[in-house]
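>>> Build me a model from this:
(one chain, ligands or ions: 1)
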Amino acid sequence: MREVIVASKRRSLALFGGTFDPVHFGHLRMALELRQLLNFDEMRLLPSHQPCHRQTPGVSSHHRSEMLALALQGCDELQLDRRELKRGGATYTVDTLEELRGELGSKVSITFCMGLDSLLSLHRWHRWERLLELAHLVVVTRPGWHLPDGDSEEHRPLLELLARHRGRVADLHTKTFGCLLLREQSMLPISATQIRELIRSGQSPRYLLPVTVLQYIENHQLYREAAAGDQ
Ligand code: ATP
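As a prediction, the model looks like this:
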């Protein structure tokens, strides 16, 4: 059985999307662990320009991607993909995946990774049902977040999607799209909201994010004012 999997193993690209407002050790650790544990050939962090299903980021796309570039300096295992920032306008993951499919063709496995908090709003994403026709989805459970129970009317389409597409780790390497995996993986209890609040209240977020990112925040005096969604 093992030989069959190895023989048919596809080249695999994984994407970890987010606003990264700012990037912190929770994101970085998760991306690295996913790459290593799920054995992806490549893992890219994908900052979103104007996410439609959540509040507008507190600082510009330029600052957010510069902070990501600093955080990834010297790490060969994680790459930065700025395509959503370059494309501009509203960011739709489905457009990004269609673009990548066009570039990579049908033989490469593509996996989009997200936390459970993001999965719970997936049914409000633009053309969300198309996502699994383009890529696999890996969802990592997040402290304080749970899958809705079967009685949740709002989440019924999501639960059906989960039932239809639930896959195993091997599927990520033998198929190129279409599987949804839930991973129980430890997440550092850090959030960008917490970091923004610390800075706004004059406290230090040191040790929650790379020191180069902290220096960038200080040099550009970021997050001193509350963003609209943080108030
Ligand atoms: P905010 O507090 O502003 O909502 P965030 O810290 O949740 O931000 P995002 O940029 O919104 O960060 O998240 C990008 C992705 O990273 C999401 O899929 C989210 O679930 C995941 N994520 C966020 N925090 C962590 C963490 N501590 N560990 C692992 N993954 C995380």
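>>> Only C-alpha atoms from now on, for both contacts and neighbour counts.
Fine.
>>> residues touching Ala47, list them.
No, residue 47 isn't Ala; it's Pro. With contacts defined as C-alpha atoms under 8 Å, 6 or more residues apart in numbering, Pro47 is in contact with 17-20, 61, 64-65, 81-82, 84-85.
>>> Apply 10 Å and report the result again.
Counting by C-alpha atoms under 10 Å, 6 or more residues apart in numbering, Pro47 makes contact with 15-21, 23, 61, 64-65, 68, 80-85, 91.
>>> Among the residues you listed, which are located in strands?
Using DSSP state E, the members of the contacts of Pro47 that fall within strands are 15-18, 80.
>>> Whichever of the contacts of Pro47 end up buried, select them in ChimeraX.
To isolate the buried ones among the contacts of Pro47 in ChimeraX, judged by 16 or more other C-alpha atoms under 10 Å, type:
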select :15,16,17,18,19,20,21,23,61,64,65,68,80,81,82,84,85,91
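>>> The contacts of Pro47: which ones sit near the ligand?
17-21 (C-alpha under 6 Å from any ligand atom).
>>> I'd like the residues you listed laid out as TSV, including distance to Asp76 and pLDDT.
Compiled in TSV, the ones next to the ligand among the contacts of Pro47 are given as follows (distance: C-alpha to C-alpha, whole Å; pLDDT from 0 to 100):
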residue	distance to Asp76	pLDDT
Gly17	18	93
Gly18	20	92
Thr19	22	93
Phe20	19	96
Asp21	22	96
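>>> Excluding sequence neighbours, find me the nearest residue to Met43.
Nearest-residue entry for Met43: Ala14, 4.7 Å, with adjacent residues in sequence omitted and distances by C-alpha to C-alpha, 6 or more residues apart in numbering.
>>> so the one you found makes contact with Leu137?
Yes - A contact is recorded between Ala14 and Leu137 when judged using C-alpha atoms under 10 Å, the distance being 9.4 Å.
>>> ranges for the helices of this structure?
Per DSSP state H, the chain carries helices over the ranges 2-7, 25-38, 61-72, 83-87, 93-104, 116-119, 131-134, 156-165, 171-174, 192-200, 211-219.
>>> which phi and psi does the closest residue to Leu34 other than its chain neighbours have?
For Leu34, the nearest residue in space outside its immediate sequence neighbours is Phe40; the separation is 7.9 Å by C-alpha to C-alpha, 6+ apart. The main-chain torsion angles of Phe40 are listed as degrees, to the nearest 10 and equal phi -80, psi 150.
>>> Might one say that Phe40 is in contact with Phe112?
No - checked against C-alpha under 10 Å, the pair Phe40 and Phe112 is beyond contact range at 11.5 Å.
>>> Can you work out which residues contact both of those two?
In the contact map built from C-alpha under 10 Å, 6+ apart, the residues linked to both Phe40 and Phe112 are 13-15.
>>> Among those residues, which one sits closest to the ligand?
Proximity of the shared contacts of Phe40 and Phe112 to the ligand (C-alpha to the nearest ligand atom) peaks at Leu15, which lies at 10.3 Å.
>>> The closest one touches Ser109, doesn't it?
No - between Leu15 and Ser109 there is no contact, the gap being 11.1 Å when judged by C-alpha under 10 Å.
>>> Could you list the residues of the chain in contact with the ligand?
Within the chain, the positions lying close to the ligand (C-alpha under 6 Å from any ligand atom) are 17-21, 26-27, 30, 114-118, 187-193.
>>> just the buried members of the residues you listed?
Those of these that meet the buried threshold are 17-21, 26-27, 30, 114-118, 187-188, 191-192, by 16+ other C-alpha under 10 Å.
>>> intersection of neighbour lists for Leu15 and Ser109?
Residues touching both Leu15 and Ser109 (C-alpha under 10 Å, 6+ apart): 40, 135.
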